[in-house]
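S.K.: sequence below, structure please.
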Amino acid sequence: MTGNYQINSPSELRALPQEVLPELSQELRNFLIDHIATHGGHFSSSLGVVELTIAVHYVFNTPKDKLIWDVGHQAYVHKLLTGRAARFHSNRLLGGISGFPVMEENNFDAFGTGHSSTSLSAILGMACAARYKGDNSRQHIAVIGDGAMTAGLAFEALNNIGFEQPNLLIILNDNDMSIDAGTGALQNYLTDLTSGQAYNQFKSQIKKLLSPHKDRTQWSIAAIRKIEKLIKTGLFASSNIFEALGIRYFGPVDGHNLHKLIKIFEQLKHVPGPKIVHCVTQKGKGFTPAMLNKAEWHATGKFDKLTGIRLENQLPQLYKETFQQVLGETLIQLAQHNSRIIAISPAMLSGSRLTAMKQLMPNRVFDVGICEQHAITFSAGLAADGLLPFCVIYSTFLQRAYDQLIHDVALQKLPVVFCIDRAGVVGPDGPTHQGAFDIAFLRCIPNIACASPMTLTDFKNLLFTAQDITLDGPLAIRYPKGPGSREKQSDKFTRLEIGKGKRLCSGQDIAILSLGPVGQYAQDACNELLREGMQVGHYDLRFFKPLDEALLHEVFQSYSYIITVEDGCIAGGVGTAVLEFMAEHGYSATLKRLGLPDTFAVQGTQRQLHQLYHYDKQAIIATVRQLYTGPLESAGSGCSLKPNESSPNS
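M.R.: Just a heads-up that it's a prediction; the model follows:
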């Protein structure tokens with residue numbers, strides 16, 4: 001980090017005089033803007049907590065004092081102050097530091113926080129562990145923000161904190177945002193607290209009036225405490241949810257006033273029990289475009305730091321059509337003709353491209369906040385009353401609502417359409433965000449149909465099919481982050497048969513069974529191998545539950561070597577399903593499964609990870625060559641002639 005202050009640890013920060021800290025905060029902002037303009041990453045959240053981060057590390061004795069950041073994408077300044085400035089150029093890159101706190105990366109990262117709303121439960125566990133061990137020497141601090149307080153897990157923790165009464169400090173970073181604008185009654189409540197400060201002003205005045213000094217010796221400290229208790233439990237008890245739960249509330253305070261923050265934190269170090277400080281901050285502070293459009297600048301690619309122009313916007317339109325765009329545009333088209341369609345998102349409207357539908361049909365799009373469990377059971381309630389909910393949710397976040405998926409939707413055969421965004425590896429966000437497990441954990445659930453389209457055309461048609469037929473239970477459609485390819489341009493929808501795949505090309509001895517967009521790797525591999533004289537069959541499974549058994553019978557009766565390719569974990573994935581089919585029907589073949597191994601996928605670009613974990617085009621070609629036993633005779637049309645040919649059994 002360049003500038004006048006080379007801070008490599010919080011101990012060096014604490015050695016600085018307080019009057020120079022505002023200058024340090026500006027240096028940190030400049031560093032973040034310079035870095036992210038060059039490399040991309042989460043942006044506006046960390047800009048909003050510069051002063052807050054400095055104040056926390058200045059007052060508390062980290063890492064002995066335990067500090068958790070929630071959500072972790074607001075922890076960039078924390079990383080800069082804890083010895084990672086020199087490596088920050090590698091942030092979110094393959095082999096580099098993580099964009100989130102990671103316990104293995106640094107001892108100042110007390111807990112990993114890639115997903116939101118976990119900090120309060122974790123810090124409560126640490127505080128109770130310290131109490132159990134008789135350790136009263138350390139503080140426990142959780143910084144929770146960017147909408148994380150709206151999740152059910154946070155409410156559960158607050159309830160338990162109020163009961164346990166541990167010594168901990170909650171810092172609520174209230175910037176009125178998650179990724180998109182904050183929603184829900186809690187956000188309205190926090191807004192009321194920041195705009196109507198009667199409770200805090202009244203309490204302050206009473207304390208000032210009744211404080212014991214030389215002219216008011218008749219007032220005892222005990223009397224003051226009784227009056228304060230009366231204020232909390234009587235007149236204003238209903239005005240503050242945190243006080244009602246037994247958590248002392250302080251605020252709201254200006255989260256950009258360094259000296260005030262330091263003073264408050266110093267005072268609260270000596271206040272026993274659970275406390276919450278309500279800090280009001282501005283997301284994107286210090287960079288005008290981010291302050292004007294907080295949602296758009298939550299995370300960004302490279303940009304011009306002087307103008308704010310996104311550099312990736314200079315790419316031709318050809319490369320920009322994504323699965324997310326097709327989802328947003330297609331749902332609008334379908335909803336205009338089908339009044340039953342409702343869209344639900346757990347705080348991911350912009351990322352899922354539902355913003356336009358929300359603007360056009362505000363009563364048919366629900367952003368429920370960071371509440372994945374609620375989103376699914378809410379969708380189940382809509383379906384139970386005759387509507388057709390499209391629950392658009394990221395793969396990694398669907399994991400958090402697995403019981404609701406099973407108990408509230410699949411068990412009751414409710415027609416909820418799950419649009420599982422960011423399925424497969426997503427890239428720089430790393431292990432906490434890779435959509436690695438949904439194929440495996442969906443495949444074992446009864447009453448659910450599951451698909452993964454290879455192309456944007458198939459995706460569009462699957463969405464149409466979902467609303468065009470009477471679903472006897474839920475339908476899940478998984479798709480990756482980013483661009484896809486089309487088989488053909490068409491404004492017309494085609495109804496697809498549930499559970500049916502297709503043969504893309506015929507071959508001899510070796511067949512590839514692919515699922516999802518990685519099938520394009522397989523198709524490209526087949527075409528390259530064909531030019532070398534090797535004819536390899538390629539089948540797009542399209543559905544991983546139910547499997548197309550007619551197609552699989554054709555494959556096992558025609559080929560001795562089979563390769564499965566999927567953008568998900570091999571353990572329990574579609575390759576495993578094909579193995580199970582082979583065993584159940586007594587087939588004998590050599591089967592090689594390509595996909596994610598039994599490990600948490602690291603960070604890197606999607607293509608880097610496909611290559612690293614050996615299921616990109618070159619990996620498929622290498623696998624075919626390993627299996628290939630010699631020149632094969634001509635067997636059919638080859639891969640390049642009829643890419644849309646359907647299997648006779650399909």
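S.K.: number of nearby residues for the nearest residue to N461 once chain neighbours are set aside?
M.R.: Once flanking residues are discounted, N461 sits nearest to T494: 4.8 Å by CB to CB, 6 or more residues apart in numbering. Using the backbone N, CA and C atoms, a C-beta is placed for each residue, glycine as well. As a burial measure, T494 scores 13 neighbours (other CB atoms under 10 Å).
S.K.: can you check the pLDDT for T494?
M.R.: We have a pLDDT of 94 for T494.
S.K.: would you mind measuring from it to L462?
M.R.: Using CB to CB, to the nearest Å, we find T494 at a distance of 10 Å from L462.
S.K.: which residues do these two both contact?
M.R.: Listed as contacting both T494 and L462 by CB atoms under 8 Å, 6 or more residues apart in numbering is no residue at all.
S.K.: state the distance from the residue nearest to N461 to T322.
M.R.: From T494 to T322 the distance is 21 Å (CB to CB).
S.K.: how about V253?
M.R.: Taking CB to CB, one finds V253 at 41 Å from T322.
S.K.: equivalent analysis for S98, please.
M.R.: 25 Å.
S.K.: what's the answer for H278, then?
M.R.: Going from H278 to T322 by CB to CB gives 38 Å.
S.K.: those two: who's more crowded?
M.R.: H278 (21 against 17).
S.K.: give me the nearest residue to the more buried one, chain neighbours excluded.
M.R.: Using CB to CB, 6+ apart, the nearest residue to H278 is G251, at 3.2 Å.
S.K.: and the pLDDT at the one you found?
M.R.: You'll see G251 listed with a pLDDT of 85.
S.K.: equivalent analysis for the one 5 residues further on, please.
M.R.: The predicted local distance difference test score for H256 is 95.
S.K.: and for E27?
M.R.: You'll see E27 listed with a pLDDT of 94.
S.K.: could you point out which element follows the host helix or strand of it?
M.R.: Element membership for E27, per DSSP states H and E: helix 21-39. Using DSSP H and E, the helix or strand that directly follows helix 21-39 along the chain is strand 41-42.
S.K.: the helix or strand just after that following strand - what's its average pLDDT?
M.R.: The helix or strand immediately downstream of strand 41-42 is helix 44-47, counting by DSSP H and E. What helix 44-47 shows for mean pLDDT is 88.
S.K.: how are the strands of the stretch 51-200 of the chain distributed by residue range?
M.R.: Secondary structure of the stretch 51-200 of the chain (DSSP state E, counting those that start in this stretch): strands at 66-70, 140-145, 168-174.
S.K.: so can I have CSV of those showing mean pLDDT?
M.R.: Below are these laid out as CSV (pLDDT from 0 to 100):
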stretch, mean pLDDT
strand 66-70, 96
strand 140-145, 95
strand 168-174, 95
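S.K.: can I get the ones you listed in TSV with mean neighbour count?
M.R.: Compiled in TSV, those are given as follows (neighbours: other CB atoms under 10 Å):
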stretch	mean neighbour count
strand 66-70	27
strand 140-145	28
strand 168-174	26
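S.K.: these: which one's closest to N107?
M.R.: The closest of the strands of the stretch 51-200 of the chain to N107 is strand 66-70. By CB to CB, the value is 10.8 Å.
S.K.: now do the same end-to-end measure for stretch 400-419.
M.R.: With CA to CA, to the nearest Å as the measure, stretch 400-419 spans 15 Å from end to end.
S.K.: where does the stretch 351-500 of the chain dip in pLDDT?
M.R.: Residues of the stretch 351-500 of the chain meeting the criterion pLDDT under 70: 488-490.
S.K.: for it, what spans make up the helices?
M.R.: 355-360, 372-384, 395-398, 402-404, 438-443, 456-468 (DSSP state H, counting those that start in this stretch).
S.K.: pull out the buried residues from the fifth one.
M.R.: Neighbour-count burial for helix 438-443, counted by 16 or more other CB atoms under 10 Å, picks out D438, I439, A440, F441, L442, R443.
S.K.: what do you get for the second one?
M.R.: The neighbour-count criterion (16+ other CB under 10 Å) identifies E372, Q373, H374, A375, I376, T377, F378, S379, A380, L382, A383 as the buried residues of helix 372-384.
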